[in-house]
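>>> Take a look and give me a structure for this.
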Amino acid sequence: MRIVFDIAARRAELTPGRPAFIDVASGHVTSYAALHDRAGRFAAWLDRQGIGDGDRVAILCFNHVPFFEILFACGRIGAILVPLNWRQPAPELLPVLQNCGAKLLVHDAENAAVAQELAQAVGTSLLSFAGYEEAVTATAFQAFETAWPTDRVWYMLYTSGTTGQPKAVIQTPGMACANAINIGQAIDLVSTDSTINFLPLFHTAGINLYTLPMLMHGGCIRILRKFEPDPVMAMIAAGDCTAFFGVPAIYQALSLHPGFAAADLSRVRSWGCGGAPLPASMIALFARRGVRVCNGMGMTETGPTVFLMDSAHAEAKIGSVGKPQILAEVRIADEDDRPLPDGEAGELQIRGPGVTPGYWNNDSATQAAFTRDGWLKSGDVARRDEDGYYYIVDRIKDMYISGGENVYPAEVEIVIYRFPGVLECAVLGVPDEKWGEVGIAHVMPRPGEAVDAEALRAFCRQNLAAYKVPKYIEIVEDFPRTAAGKIQKHVLRRSHKTA
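Below you'll find the model as predicted:
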């Protein structure tokens, strides 16, 4: 049996007095020794409640230090933590809670009303964060096994569902270890590093980019309830963050912050972006401030890190997600899962210790996600250049056919982002009597600026083949988004059909 070790327990042995977490709101510091102690106390409390191996514990909360204490407590008794999406109302969360069959629902004060509604509907036991503190205080520390099987289910993340119904993606200790190695060596993570945790904890980035890897390396994590531009900019300028990770929406918000032009950004030595490609215009904007933002790519199903661009080539290879990291292997394959040569576009397929074993209680989805020879099918169209750098062309499901020609919306979006005044855009195919499908571009202007639709269409015609030029251009104020900030194209598609 392959094993990895309880990170919190081992860190408490190695660096007990070092700060693991700093709560930004209160300033409270949780040392590695305290993290280990509190996880052991709550694990003992859970055990006394009859919660053990394989049982599910749901949690509904903003970003708080207790989330990670509870995560390690569950790991120690073999329970499975199920983070719930606090952006969703109770009716949307109810099927998830019913599907996972949680014995206990833990919640913070901010989400108490929704948690109570859910618990009433399914009969799940409820524990507030105040009750959690009482349980930790009243329960004596108990030591548990520190060697965890790499393939045991540690927690489950319900995918945000950009194209369909969410599924519970299994996350294991082995995946966490592989991700820590993949991202750690990619950004040269060390014990003196610090990061800010603000991405939602029901998303893989909130847990793994870079919090769990930072804990493994003995660094410090500042916990912010959720993303707010002012405190994040203040921490960056103050030198409280050396390794930063955000999704494109975060970088956009920082670029629009009134203090962006004057802020000292030099103390952050590593800037990473994922969730969706950061537009070239945004990369160039940060480059003018001396910042090289490195695009990466991963999935909930890959733990998540697969790719991260190296900073030395970030500007020369704009649009690339870099090379596969040390514990990730990839291939570009055709429709029959046969590898394709450099330069040709095909499906990106992945294997390695960071890949999920599958979807919880969903054998059909698990079988559909893998090739017969064991590669995870990403659903992304990608290509590799002659230097070994990879580019994500688009989602397979987003491709549309106009007049018999394949159109990848991402190719069109790259051009639209070059047009003055465009902050964000999304292109998708819609039915058309003459051509079968045509493109519609949803465009969000930069604050205080306007985008002329006809001028944009003319710009597209100068830079794209005629069949790729969007027939329709709609100016929007914002987009429907997932928790990671990705634009939900399936929601846009539905709204167009019903318009």
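>>> those strands in the stretch 201-350 of the chain, which residues are they?
In the stretch 201-350 of the chain, the strands defined using DSSP state E, counting those that start in this stretch lie at 220-223, 243-246, 270-273, 293-298, 305-308, 320-324, 329-333, 346-351.
>>> Can you say which of those is packed in most?
The highest mean neighbour count among the strands of the stretch 201-350 of the chain, using mean count of other Cβ atoms under 10 Å, belongs to strand 305-308: a mean of 29. Yep, even glycine has a C-beta here, placed from its N, CA and C like the rest.
>>> For that one, C-alpha coordinates in CSV please.
What follows is strand 305-308, C-alpha atoms only, in CSV (Å, rounded to 0.1, in the frame of the first residue of the first chain):
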residue,chain,number,x,y,z
THR,A,305,-1.7,21.5,-11.7
VAL,A,306,-0.8,20.1,-15.1
PHE,A,307,0.9,23.1,-16.8
LEU,A,308,2.5,26.4,-15.7
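>>> can you tell me the helix or strand for Gly429?
strand 422-432 (DSSP states H and E).
>>> helices and strands around the helix or strand just after that strand, which ones?
Using DSSP H and E, the helix or strand that directly follows strand 422-432 along the chain is strand 436-445. Counting contacts by 3 or more Cβ pairs under 8 Å, 6 or more residues apart in numbering; DSSP states H and E, strand 436-445 is packed against strand 400-402, helix 409-416, strand 422-432, helix 453-463, strand 472-475.
>>> do you know which of those lies nearest Thr139?
Distance to Thr139, taken as Cβ to Cβ, is lowest for strand 422-432 among the helices and strands packed on strand 436-445, at 48.2 Å.
>>> what's the nearest residue to the residue most central in space within the chain if we skip its chain neighbours?
Central residue check for the chain by Cα atoms, centre = their mean: the C-alpha nearest the mean position is that of Ala205, 3.6 Å away. Leaving out its chain neighbours, the residue that sits closest to Ala205 by Cβ to Cβ, 6 or more residues apart in numbering is Leu199, at 4.6 Å.
>>> what about the one you found, how many neighbours?
27 (other Cβ atoms under 10 Å).
>>> can you pull the contacts of it?
205-206, 209, 227, 245-247, 250, 484 (Cβ atoms under 8 Å, 6 or more residues apart in numbering).
>>> so what's the closest residue to Ala253 other than its chain neighbours up against?
Nearest residue to Ala253, sequence neighbours excluded (Cβ to Cβ, 6+ apart): Pro229, at 5.0 Å. When contacts are counted by Cβ under 8 Å, 6+ apart, Pro229 touches 253-254, 256-257.
>>> Out of those, which is nearest to Tyr408?
Of those, the one sitting nearest to Tyr408 (Cβ to Cβ) turns out to be Ala253, at 27.5 Å.
>>> got TSV for the strands of the stretch 201-350 of the chain, with mean pLDDT too?
Shown next, in TSV, are the strands of the stretch 201-350 of the chain (pLDDT from 0 to 100):
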stretch	mean pLDDT
strand 220-223	98
strand 243-246	97
strand 270-273	97
strand 293-298	96
strand 305-308	98
strand 320-324	97
strand 329-333	98
strand 346-351	97
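>>> Which one, of the ones you listed, ends up nearest to Asp394?
When these are ranked by proximity to Asp394 (Cβ to Cβ), strand 346-351 comes first, at 10.9 Å.
>>> outside of stretch 368-386, which residues touch it?
Taking Cβ under 8 Å, 6+ apart as the rule, stretch 368-386 contacts 297, 299, 301-302, 317, 320, 331-333, 337, 342-351, 355-356, 358-359, 390-397, 399, 408.
>>> One more: stretch 304-317?
179, 182-183, 186-187, 204-205, 208-209, 270, 272, 274, 283, 287, 292-299, 320-325, 328, 330, 350, 354, 385, 387, 389-390.
>>> ok, Ile3 - contacts?
With contacts defined as Cβ under 8 Å, 6+ apart, Ile3 is in contact with 147-150.
>>> Just the ones of the residues you listed in helices?
Among the contacts of Ile3, DSSP state H puts none in helices.
>>> Tell me the buried residues in the lengthiest helix in the chain?
Longest among the helix segments of the chain by residue count, using DSSP H, is helix 32-48. Within helix 32-48, the residues that count as buried by 16 or more other Cβ atoms under 10 Å are 32-47.
>>> what is the mean pLDDT for that helix?
Mean pLDDT, helix 32-48: 98.
>>> Restrict that helix to CA atoms and write it as CSV.
What follows is helix 32-48, C-alpha atoms only, in CSV (Å, rounded to 0.1, in the frame of the first residue of the first chain):
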residue,chain,number,x,y,z
TYR,A,32,1.6,24.6,12.9
ALA,A,33,1.5,23.2,16.4
ALA,A,34,-2.0,24.7,16.9
LEU,A,35,-3.2,23.5,13.5
HIS,A,36,-2.2,19.9,14.5
ASP,A,37,-3.7,20.2,18.0
ARG,A,38,-7.0,21.6,16.9
ALA,A,39,-7.3,19.0,14.0
GLY,A,40,-6.7,16.3,16.6
ARG,A,41,-9.3,17.6,19.0
PHE,A,42,-12.0,17.9,16.3
ALA,A,43,-11.1,14.4,14.9
ALA,A,44,-11.7,13.0,18.4
TRP,A,45,-15.0,14.9,18.6
LEU,A,46,-16.2,13.6,15.2
ASP,A,47,-15.2,10.1,16.3
ARG,A,48,-17.4,10.4,19.4
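>>> oh, and call the first residue 184 from now on, that's how I've got it
Right, with 184 as the first residue, what we last looked at is helix 215-231.
>>> After it, which helix or strand is next?
By DSSP H and E, the next helix or strand past helix 215-231 is strand 239-243.
>>> other SSEs contacting the helix or strand following that next one?
Later in the chain than strand 239-243, the nearest helix or strand by DSSP H and E is helix 248-260. Packing partners of helix 248-260 (3+ Cβ pairs under 8 Å, 6+ apart): strand 202-206, helix 215-231, strand 239-243, strand 263-266, helix 312-321.
>>> The longest one - contacts with which helices or strands?
Under the contact criterion of 3+ Cβ pairs under 8 Å, 6+ apart, helix 215-231 touches helix 190-197, strand 202-206, helix 248-260, helix 312-321.
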